[in-house]
Structure formats: structure tokens, C-alpha cells
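Return a 3D structure for these sequence lines:
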Amino acid sequence: MIYRSISGLVGAALRPLARGVARERLALDLPDLPRGAIWVHGASVGELNSARPVVAALAAVRPVVVSANSDTGLAVARGWGLPALRAPLDVPQAVGRFLDALQPSLAVTIENELWPNRAAALTARGIPQALIGARMSARSARSWGRVPGLAGGALAGVGLASAQDAGTEVRLRALGLPAAAVAPRLNLKLLTPAATRPPATDAGRGRVWLAASTHPGEDEIALAAHAVLNARWPDARLILAPRHPQRADAVAALIAARGLRHDRLGARDVAHVPPVPVLLIDRLGALDGAYAAAGVCLTGGSLVDHGGHTPWEPAAHACALLHGPHVANFAADYAALDAQGAAREVTAATLATTLAALMADEARRRKMGAAARAALDAAAPDPAGLVAALLALARD
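Sure thing, here's the model as predicted:
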């Protein structure tokens, strides 16, 4: 009641001040929407891309409307040919206007977007709710546990929840997820990579390595390691891909300060850029080509404490995998890949020597890459059962 009352006051106060994006988030400028569609919500690009095979299967049977919190998420959904709009703020007025316009037959949330007003409004309208690829860390569970009324209310109306891992499933149950809602676990982040075919040839990849989705503090480590490699192998190439491309100018300055020749990708494909010691990825949507070009991939967010990023996209391209110690977001995945010889943990101090060892031993690098792809193929789930369960849950 307190949350609803305060958020209701916020919604009323914001309306006369809202402009542009704020009006969209308050559901004041809604486009024409297909009523009765399945509503799929993902926070941004990563969540939506992970669920793309499921979304495509649903859209083949019923109308689907996608919401996201970010411009890039909206662009991704529209690129699939689906209607997409910004998700409503979790204030009663915005949620009400959004649901009145859409009248969805099912609300599907990807990963960890739990909102009390949204959940309450869906339950009040009798709209079925599902969580897919659900993810909740121990830290998030402790935070929700401090407000058990909000957590329990947000989860009470969920009719189907498919978690990424056993830990998430246990935490959601403890917070109030009904036992009957628990569906088989399915890691969505494996679906799209599993459908990717690795490069037909390994030629030229042995001297190319990728630092993917790097965060501040990691670019410097990657460049220092590459300076060491370049001194030994002048043809060694680094593809450096910051997690947020808006940092490209700052990263370019770091490369220049190292005295390394570099180029920026721009609108080109990675495969069409002439070889340079460092290629800086300065836009979204280019990582697939970077994975295909590189024989070794360091996954970012792991040398600094950001929990790590998925290993499965580079594994799809049979890259040998390197990661730092901070992989809490994918701890079980990296542990399995390490154990199977597909991945190896490095630090700022050991990155250069590990890369040098792999460049000097082509057979070992290829063996790691093959093990990574084999691990993906063994772990990749079949989403058909989840799609069928979602369609069965939707209202007619």
C-alpha cells in the first residue's frame, strides 16, 4: 500500500512535466497496438537477444508486442519486424494506461525485471504472467527479502517461471513464487549461440585475439598485454570492443597513448578492415564478426568486478576462452568450461603470458576452441517445450 501510494503520487506529479521519452514511459503517447497480443518485455539488447528464438516462435503463432527500457532494445525488436515501445514506468497510472491499450493475452518478462505495480495490475486484470530465463543473484534476493510484501506480491501472480539456474529458482521460491509456477530451467543465453555456425576455416585466427565487452580499467590491461605480444609477433592483432561504444573516443586515446597503430570499425564489417595492430569496435552489432575473426577471446567485465559476461557467444565461434576472476553472473558456466579445458582464468599479471602461450601453440588454442563449442552443443536446450507452455498459458 505504501509503495502504491507513493508511486501514485509520483505518477501524478510527473504527468504535467513529462516530455519526450518521459511521455512514452508514462504511456501518454502510445502507438496503435494489436489488442490481445503476447507482451514480451526485456530490459535491453542482451535480454531480448537471448530470448529471440522464443520470441520468434511465439510470433509465428500469435501477435507479439515487445517493450524495452532502452533505445537499443527497441531498435533490436523493431529490426525483427515486431511492434516495440518503451515499457511503462512502475506507477499505477502509466501501467494502467499501457494495459488498457494493449490488453495482452500474456505478459512474458525476460530475466529479472520485477515491478510491483505492473504485477498487481496484471493480476487484477486476470492476465497470465510468465518469467523466462529468470535470473536473481543472492545480493538481489537479499534486497527483495527486506521488503517481503513487495516481493511476494510481484511473484504471486506468476503462472510460469523458467529460471536460468538452480540458485535463482530457490531464491524466487523463497520470495513467494508459487510452487506450481516452477517450470523446467532453461538458459536462454545458449539458444542463439547454439544456432550459430563457427567459421568454416581457422586460417588467420591464430594471431588475432578479442577483448569483448570491456569495462573501464580493462582496456588498459588488454592494451598492455597486446604491447607485449606485438613486440614478439608484429602481426598480432587485438580487436578491442568496449561494452558501451560511447566510450570509443576515450579508448582510442588510450590506444594512441600506447603508441599502437589502430583503426576504428565504423560502418564496415570486421572481415573487411585491413590488418592493424588494434581494431577498435565503436558501434553495436559487430561482435559476431569479431568472434569469427579471433582465435582467442577474453570476456570483459571479469578482470574488474562487473560479474562477467556470457562465454557462450565466443564459444559458438570456437574461440579459446579467457576470463578474469570476477564471473559471478556466470559462475557455473565458467566453472564447467574451465573444467573441460575450454576456458582459462587470467589476471592482469598473467594475461600477456597466457596469450603468448596460446599464440605459440596453435594446437592447444584450437583444442580449447573446439572444447568450447562442444560444451555449448552439449548444454544448449530445446526451447520447444517452453514455447508450448507459454502458448498454453496465454488467454484466448
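
Every contact and neighbour count from this point should use C-alpha atoms.
Fine.

can you pull the pLDDT of the residue positioned nearest the centre of the chain?
The residue lying closest to the centre of the chain (CA atoms, centre = their mean) is Gly46, at 2.6 Å. As predicted, Gly46 sits at a pLDDT of 85.

Just the element for it, please.
helix 45-50 (DSSP states H and E).

any idea of the mean pLDDT for the helix or strand that that helix is followed by?
Going down the chain from helix 45-50, the next helix or strand is helix 52-59, by DSSP H and E. In this model, helix 52-59 carries a mean pLDDT of 96.

Dump helix 52-59 to CSV, restricted to CA.
Extracted in CSV, the C-alpha atoms of helix 52-59 (Å, rounded to 0.1, in the frame of the first residue of the first chain):
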residue,chain,number,x,y,z
ARG,A,52,15.0,-14.2,-29.7
PRO,A,53,14.3,-17.9,-30.6
VAL,A,54,11.4,-18.0,-28.1
VAL,A,55,10.0,-14.6,-29.3
ALA,A,56,10.2,-15.7,-32.9
ALA,A,57,8.4,-19.0,-32.1
LEU,A,58,5.6,-17.1,-30.3
ALA,A,59,5.3,-14.6,-33.1
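
Any buried residues in it, and which?
For helix 52-59, burial by neighbour count (16 or more other CA atoms under 10 Å) applies to Arg52, Pro53, Val54, Val55, Leu58.

what's the answer for stretch 110-130, then?
Neighbour-count burial for stretch 110-130, counted by 16+ other CA under 10 Å, picks out 110-112, 114-123, 127-130.

same thing with stretch 69-89?
Within stretch 69-89, the residues that count as buried by 16+ other CA under 10 Å are 69, 73-77, 82-89.

Which of those residues fall in helices?
Within the buried residues of stretch 69-89, residues falling in helices by DSSP state H are Gly73, Leu74, Ala75, Val76, Ala77.

Turn these into CSV, including distance to Val40 and pLDDT.
What follows is these, written out as CSV (distance: CA to CA, whole Å; pLDDT from 0 to 100):
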residue, distance to Val40, pLDDT
Gly73, 12, 91
Leu74, 12, 93
Ala75, 15, 92
Val76, 13, 92
Ala77, 10, 95
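
nearest to Val346, of these?
Checking those against Val346 with CA to CA, the nearest one is Gly73 at 31.9 Å.

isn't the closest one right up against Ala43?
Yes - counting by CA atoms under 8 Å, Gly73 touches Ala43, with 7.2 Å between them.

Checking Lys367 next. Helix, strand or coil?
helix (DSSP: H, G, I helix; E, B strand; the rest coil).

contacting residues around it?
By CA atoms under 8 Å, 6 or more residues apart in numbering, Lys367 lies in contact with Ala320, Ala342.

any idea how far it lies from Ala356?
Using CA to CA, to the nearest Å, Lys367 is found at 16 Å from Ala356.

okay but Pro53 is in contact with Leu190, surely?
No - counting by CA under 8 Å, Pro53 does not reach Leu190; the two are 10.3 Å apart.

Keeping just the C-alphas, turn stretch 358-368 into CSV.
The C-alpha coordinates for stretch 358-368 follow below in CSV (Å, rounded to 0.1, in the frame of the first residue of the first chain):
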residue,chain,number,x,y,z
LEU,A,358,48.3,-19.8,-27.0
MET,A,359,49.8,-17.9,-29.9
ALA,A,360,52.9,-20.1,-29.7
ASP,A,361,50.8,-23.3,-29.6
GLU,A,362,48.2,-23.5,-32.3
ALA,A,363,47.2,-27.0,-31.4
ARG,A,364,46.4,-26.0,-27.9
ARG,A,365,44.4,-23.0,-29.0
ARG,A,366,42.4,-25.0,-31.5
LYS,A,367,41.7,-27.7,-28.9
MET,A,368,40.4,-25.1,-26.4
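
Just give the nearest non-adjacent residue to Asp396, would you?
Nearest residue to Asp396 in three dimensions, chain neighbours excluded: Ser105, at 6.8 Å (CA to CA, 6 or more residues apart in numbering).

can you tell me how far that neighbour sits from Gly145?
For Ser105 relative to Gly145 (CA to CA), the value is 30 Å.

neighbour count winner among these two?
Ser105 (23 against 16; other CA atoms under 10 Å).

Look at that one and report its pLDDT.
For Ser105, the pLDDT comes out at 98.

Need phi/psi at it.
phi -90, psi -20 (degrees, to the nearest 10).

same thing with the one 5 residues further on?
For Ile110, the backbone dihedrals are phi -100, psi 130 (criterion: degrees, to the nearest 10).

if I read this right, it contacts Met136, doesn't it?
No - if you go by CA under 8 Å, Ile110 and Met136 don't touch, sitting 11.6 Å apart.

could you pull out the strands for the stretch 101-250 of the chain?
106-110, 129-134, 158-163, 208-214, 237-242 (DSSP state E, counting those that start in this stretch).

Direction included, what does the first one pair against?
Sheet neighbours of strand 106-110, with direction, are listed as strand 38-41 (parallel), strand 129-134 (parallel) (DSSP bridges).

Make JSON lines from those and add mean pLDDT and distance to Arg232 to it.
Listed next are the strands paired with strand 106-110 as JSON lines, based on pLDDT from 0 to 100; distance: least, CA to CA, whole Å:
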{"stretch": "strand 38-41", "mean pLDDT": "98", "distance to Arg232": "49"}
{"stretch": "strand 129-134", "mean pLDDT": "97", "distance to Arg232": "44"}
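
Of all these, which one is nearest Asp165?
Distance to Asp165, taken as CA to CA, is lowest for strand 129-134 among the strands paired with strand 106-110, at 8.2 Å.

Give me the contact list for that closest one.
Applying CA under 8 Å, 6+ apart, the contact partners of strand 129-134 are 51, 106-112, 122, 157-164, 168, 185-188, 390.

Which members of the residues you listed are classed as buried?
For these, buried by 16+ other CA under 10 Å: 51, 106-112, 122, 157-164, 168, 185-188, 390.
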